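1. give me a 3D structure for the following:
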Amino acid sequence: KANVDVNVNININANAKTTDTDDDENVDLDDKDLDLGAPIVSLNRFERKKNIGILLHAYAKLYNHQKNNTNTNYSNTNYKLPYLVIAGGYDPRNTENIEYLTELQHLSQSLGIQNRTLFRPNVSDDERAMLLQSATCVVYTPHREHFGIVPLEAMFAGSAVIAMKSGGPKETVLDGVTGILVDVNVDAGDCKVSGDGGCDKLAKAMEELLLDPQKAIRMGKSGHEHIKNKFGIEPFRKEWKKIVEEQAIPQGKKRRQQQLQQRGISFGHLAMLVALIAWYLGRFVYSISK
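-> Model prediction:
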């Protein structure tokens, strides 16, 4: 991916190498010149329903595997683990936003990844665009999200997407083509899941792209084309025209015919009533005229 020349508070170079995990104790995440390389990115509002905690748990599994080489669930450590950027909407007047950001910061400390995790509440539009364009992948953790605009933004920006296999991403993300859908039953933003463990599945999905950067690039390119071809202005115009011509217009004609038929029936009844009244009046007039 090309570098994005935008003046923000952090330096993200999509082609740069990240620091080794052995140097984490010496990393200052507040350093404006810190080069994050091509980070793993999460973009969400700081709300518990966004389930960001599962991403921290999954990232910690990869981190501990690289640092200690003790987790036998993963294939190898032949890749550099990028930084993790947790960014998104944050309202300092919103109690849940305040509490959840604090919870996530404490969770990163308890997992030992505080020196690899950068929290960016209320990112600017420029920084948001930079993160989406430079990410190794964008991880979207909400479970049963109605639609979700972030995966579409990420794909349009050319980044591979990892998302929960539920809700909107099942429609917008092409599994194995524009990203990876992870089949997880998430329980309220933590790592309690059914089956063989959602954190493991999410960690393996991230590792799949880290082990094969070219795959991530191919997915990003496919995602960009997918969004242009399915969610762009022109396909929207064609689909809207099709719906109007094939459904709206015929249904409108059918409703008008039904209304005319109902009016016809009403007019017929009225005519019969008028005729009946006229007949009775005629009989009455005839009877009194004798």
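2. can we go C-alpha only for contacts and neighbour counts from here?
-> Noted.
3. what average pLDDT does stretch 218-229 get?
-> Across stretch 218-229, the average pLDDT comes to 96.
4. convert it to PDB, retaining C-alpha atoms only.
-> Taking Å, rounded to 0.1, in the frame of the first residue of the first chain, the C-alpha atoms of stretch 218-229 are listed here in PDB:
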ATOM      1  CA  ARG A 218      -5.200  -9.200  -2.600                       C
ATOM      2  CA  MET A 219      -8.100  -9.100  -0.200                       C
ATOM      3  CA  GLY A 220      -7.800  -5.400   0.100                       C
ATOM      4  CA  LYS A 221      -7.800  -4.900  -3.700                       C
ATOM      5  CA  SER A 222     -10.800  -7.300  -4.100                       C
ATOM      6  CA  GLY A 223     -12.600  -5.400  -1.300                       C
ATOM      7  CA  HIS A 224     -12.100  -2.100  -3.100                       C
ATOM      8  CA  GLU A 225     -13.600  -3.500  -6.300                       C
ATOM      9  CA  HIS A 226     -16.400  -5.200  -4.400                       C
ATOM     10  CA  ILE A 227     -17.500  -1.900  -2.800                       C
ATOM     11  CA  LYS A 228     -17.300   0.000  -6.000                       C
ATOM     12  CA  ASN A 229     -19.300  -2.700  -7.900                       C
END
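5. neighbours around residue 125, how many?
-> 9 (other CA atoms under 10 Å).
6. nope, residue 149 is what I meant
-> For residue 149, using other CA under 10 Å, the count is 13.
7. quick one, phi psi at residue 281?
-> Dihedral pair for residue 281: phi -60, psi -40, per degrees, to the nearest 10.
8. which residues in the chain form helices?
-> Counting by DSSP state H, the chain has helices at residues 52-68, 95-110, 125-134, 150-156, 169-172, 198-211, 213-231, 233-243, 249-289.
9. can I get the ones you listed in a markdown table including distance to residue 163?
-> Shown next, in a markdown table, are the helices of the chain (distance: least, CA to CA, whole Å):
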| stretch | distance to residue 163 |
| --- | --- |
| helix 52-68 | 11 |
| helix 95-110 | 19 |
| helix 125-134 | 15 |
| helix 150-156 | 8 |
| helix 169-172 | 7 |
| helix 198-211 | 9 |
| helix 213-231 | 13 |
| helix 233-243 | 24 |
| helix 249-289 | 38 |
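10. so which of the ones you listed is the most surrounded?
-> Mean neighbours per residue, mean count of other CA atoms under 10 Å, is largest over the helices of the chain for helix 150-156, with a mean of 24.
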